[in-house]
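Undergrad: Provided below for reference: sequence and predicted model.
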Amino acid sequence: MTLFLGTHQPRLDDKGRMFLPAKFREKLASGLVITRGQERCLYVFAMADFEKLAAEMSRTPVTNKAARNFQRVLLSAASDEIPDKQGRITIPAILREYAGLTKECTVIGAGNRVELWATEAWNELLASTEDEFADQAQEVIPGGLF
């Protein structure tokens with residue numbers, strides 16, 4: 001599994017392109033998948049990690065409605081990309097619209113994925129979850145690392 005950490009604030013250009021943060025470029029150089037994420041952000045996975053995720057999802061019975069709907073939302077707008085030589089990726093219009101991305105965006109490392117956020121939405125989410133973060137550790141992290 002690829003590990004992504006940190007917060008970055010690149011800008012989108014008029015063509016919907018964004019420079020990947022330098023520390024993520026090597027990990028994503030051979031290919032990536034951008035797709036809808038939860039809370040109206042975008043998820044970016046290294047291609048190999050996304051292929052593992054897709055394989056896991058394919059093991060879910062087609063009779064499971066919640067799984068079907070999750071797969072539909074996640075996969076229907078997924079876009080496979082290869083960064084250009086300058087480390088830029090193009091974010092398709094359908095995904096920019098979904099996440100409300102304009103010029104100002106925030107890119108966070110979220111463990112096994114990168115998340116792309118409209119900066120204002122990220123700041124709101126962070127502020128609204130700060131108390132919850134302080135109150136939960138053992139219930140969320142298996143094994144009680146904290």
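TA: Ah, there it is.

Undergrad: which helix in this protein runs the most residues?
TA: helix 119-135 (DSSP state H).

Undergrad: Name the strands paired with the helix or strand encompassing L116 and say parallel or antiparallel.
TA: If you go by DSSP states H and E, L116 is part of strand 114-118. Applying DSSP bridges, strand 114-118 is found paired with strand 42-46 (antiparallel), strand 105-109 (antiparallel).

Undergrad: returning to what we had before: can I get the longest helix of the chain in PDB? Just the C-alpha atoms.
TA: Output of helix 119-135 as PDB, limited to C-alpha atoms (Å, rounded to 0.1, in the frame of the first residue of the first chain):
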ATOM      1  CA  THR A 119     -10.200  24.700   0.200                       C
ATOM      2  CA  GLU A 120     -13.200  26.300   1.800                       C
ATOM      3  CA  ALA A 121     -14.900  22.800   2.100                       C
ATOM      4  CA  TRP A 122     -11.700  21.300   3.600                       C
ATOM      5  CA  ASN A 123     -11.500  24.200   6.200                       C
ATOM      6  CA  GLU A 124     -15.100  23.700   7.100                       C
ATOM      7  CA  LEU A 125     -14.800  19.900   7.500                       C
ATOM      8  CA  LEU A 126     -11.600  20.300   9.600                       C
ATOM      9  CA  ALA A 127     -13.200  22.800  11.900                       C
ATOM     10  CA  SER A 128     -16.400  20.700  12.300                       C
ATOM     11  CA  THR A 129     -14.500  17.500  13.100                       C
ATOM     12  CA  GLU A 130     -11.900  18.900  15.500                       C
ATOM     13  CA  ASP A 131     -13.800  18.100  18.700                       C
ATOM     14  CA  GLU A 132     -14.800  14.700  17.400                       C
ATOM     15  CA  PHE A 133     -11.100  14.000  16.600                       C
ATOM     16  CA  ALA A 134     -10.100  15.000  20.100                       C
ATOM     17  CA  ASP A 135     -12.700  12.700  21.700                       C
END
